[in-house]
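**Student:** No letters, just coordinates:
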């Protein structure tokens, strides 16, 4: 079990065996790629000192390696570019699983009953049927036909787990599965625009709700695409916004709808065709115009939404307020949430003499947090890092 946990932590940190060995060595402990490989395969058991160094290198608590998860995750779909390597896929899955683990720990600790509200998975044979399934989900979640303010928080509010993946991996589109065969988990990249994040999350929900067993992979993706568009902008909403049938469109209309519904202009163009507002010929003509205007990669307006998960932070703060966890544990579960901004400001205002008067444990924690807060600014400021060496005779004695 220890080996499995070491591997899980390493993959979640997106580190290779070699990089991890280098971190352990830098922390003061001899380590090699082969030794770590033996640990991960459970062929050797690391001693306590090595576990401490590994915890420091992988940014986890030593107890992490000794904890056995009480849940299982069954991944159903992983959408990415074909060129993505195996290690990158494993890192994304490991990170998502680590977030799931924290969610499940807090749910058990707080004794919160969060059953997920989802319609029954449905067999589909053509992409038009995906519209009906999307309508069922909107009805289940009581969304009506209004724009969805935050799909991420809507998923969380209805008992699901939404993961924002911070790993900078090119070509990652989405990941979805079930926790303990009941709780849905969907993941998307943190580094994409909010309109793309919304579409990716909706697409992954489609993979969970659409049974495409009789379809090819290409047809399954087409169904999930249509489900995503229909979930974010129902056909009835498209017809209400644009009219039931149009002979022509002004592309600025699509720009306004993007800002309202959080769906890209190009996706809205497809929704207009799928809703019967325009024909396929018209859609293709407008698509060419997108190319002429160079809008396919960069559209003229940006949707600014709020697709940040909040449920993990909320549960962590609740557990902290009820003295169910320590501040250190809160920081482990949700980095950055244990110390509110005003508390950070108060600590940073302490003088060096004040800090020296604090108990050693509290003093060390303040210094650690201060270092974490400043490390990005320090690393990114050339004036702070570009030092020139001084000759020996240039130093005042």
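**Tutor:** Here it is on my side, so go on. Not measured: the values here are computed from a predicted model. Residues are numbered from 1 along each chain as shown.
**Student:** Could you measure from residue 209 over to residue 64?
**Tutor:** 34 Å (C-beta to C-beta, to the nearest Å). For every residue, glycine as well, the C-beta is placed using N, CA and C.
**Student:** Ignore what I typed, I meant residue 169.
**Tutor:** In terms of C-beta to C-beta, residue 169 sits 23 Å off from residue 64.
**Student:** Next, count neighbours for the closest residue to residue 32 other than its chain neighbours.
**Tutor:** Taking C-beta to C-beta, 6 or more residues apart in numbering, and ignoring the residues beside it in sequence, residue 32 has residue 21 as its nearest neighbour in space, at 5.6 Å. One way to gauge burial is a neighbour count; for residue 21, by other C-beta atoms under 10 Å, it gives 21.
**Student:** do the same with residue 217
**Tutor:** The burial count assigned to residue 217 is 8, neighbours taken as other C-beta under 10 Å.
**Student:** buried set for the longest helix seen in the chain?
**Tutor:** Residue-count comparison of every helix in the chain, with assignments taken from DSSP state H, identifies helix 86-110 as the longest. Buried positions in helix 86-110, judged by neighbour count with 16 or more other C-beta atoms under 10 Å: 88-107, 109.
**Student:** so what are the domain limits for the chain?
**Tutor:** 1-68, 70-232+308-336, 339-397 (automatic domain parsing).
**Student:** can you give me the end-to-end distance of the second one?
**Tutor:** Criterion C-alpha to C-alpha, to the nearest Å; first-to-last residue distance in domain 70-232+308-336 is 25 Å.
**Student:** how far is that domain from where the chain is centred?
**Tutor:** Domain 70-232+308-336 has its C-alpha centroid displaced from the chain centroid by 9 Å (C-alpha atoms, centre = their mean, to the nearest Å).
**Student:** okay, which residue is most central for the protein?
**Tutor:** The central residue of the chain, meaning the one whose C-alpha is nearest the mean C-alpha position (C-alpha atoms, centre = their mean), is residue 164 at 1.2 Å.
**Student:** Count residues in the vicinity of the closest residue to that one other than its chain neighbours, would you?
**Tutor:** Closest residue in space to residue 164, ignoring its immediate chain neighbours: residue 190 at 4.4 Å, by C-beta to C-beta, 6+ apart. A count of nearby residues for residue 190, using other C-beta under 10 Å, gives 15.
**Student:** Please enumerate the strands of the chain.
**Tutor:** 73-80, 122-123, 161-165, 172-179, 183-189, 210-211 (DSSP state E).
**Student:** So which of those strands is nearest residue 277?
**Tutor:** Comparing the strands of the chain by their distance to residue 277 (C-beta to C-beta), the top pick is strand 210-211, with 24.0 Å.
**Student:** Please list the outside residues in contact with the closest one.
**Tutor:** Where contact means C-beta atoms under 8 Å, 6 or more residues apart in numbering, the residues beyond strand 210-211 that reach it are 121, 122, 123, 124, 130, 133, 220, 223, 224, 227.
**Student:** at 7 Å instead, please
**Tutor:** Strand 210-211 has contacts (C-beta atoms under 7 Å, 6 or more residues apart in numbering) with 121, 122, 123, 124, 130, 133, 223, 224, 227.
**Student:** which residues touch the fourth one?
**Tutor:** With C-beta under 7 Å, 6+ apart as the criterion, the residues that contact residue 124 are 130, 133, 210, 211, 212, 223.
**Student:** Give me the phi and psi for it.
**Tutor:** When read as degrees, to the nearest 10, the backbone of residue 124 gives phi -130, psi 150.
**Student:** how near is it to residue 240?
**Tutor:** According to C-beta to C-beta, residue 124 and residue 240 sit 25 Å apart.
**Student:** Same question for residue 289.
**Tutor:** Counting by C-beta to C-beta, the gap between residue 289 and residue 240 amounts to 24 Å.
**Student:** likewise residue 111?
**Tutor:** Taken as C-beta to C-beta, the span from residue 111 to residue 240 is 44 Å.
**Student:** ok, those two, which is more surrounded?
**Tutor:** More neighbours sit around residue 240 than around the other of residue 111 and residue 240, counting by other C-beta under 10 Å; the figures are 12 against 6.
**Student:** Please name the spatially closest residue to the more buried one (chain neighbours excluded).
**Tutor:** Distance criterion C-beta to C-beta, 6+ apart; nearest residue to residue 240, sequence neighbours excluded, is residue 145 at 7.7 Å.
**Student:** residue contacts, the one you found?
**Tutor:** When contacts are counted by C-beta under 7 Å, 6+ apart, residue 145 is found next to 234, 236, 237.
**Student:** Return the per-residue confidence for the closest residue in space to residue 90 that isn't next to it in sequence.
**Tutor:** Taking C-beta to C-beta, 6+ apart as the measure, residue 90 lies nearest to residue 11, with 5.0 Å between them; neighbours along the chain are not counted. If you check residue 11, the pLDDT there is 88.
**Student:** Just give me the neighbour total for residue 11.
**Tutor:** Residues contacting residue 11 under the criterion other C-beta under 10 Å number 23.
**Student:** Was I right to think it contacts residue 94?
**Tutor:** Yes: A contact is recorded between residue 11 and residue 94 when judged using C-beta atoms under 7 Å, the distance being 3.4 Å.
**Student:** and of the contacts of residue 124, the nearest to residue 263?
**Tutor:** Nearest to residue 263 among the contacts of residue 124 is residue 130, at 15.3 Å by C-beta to C-beta.
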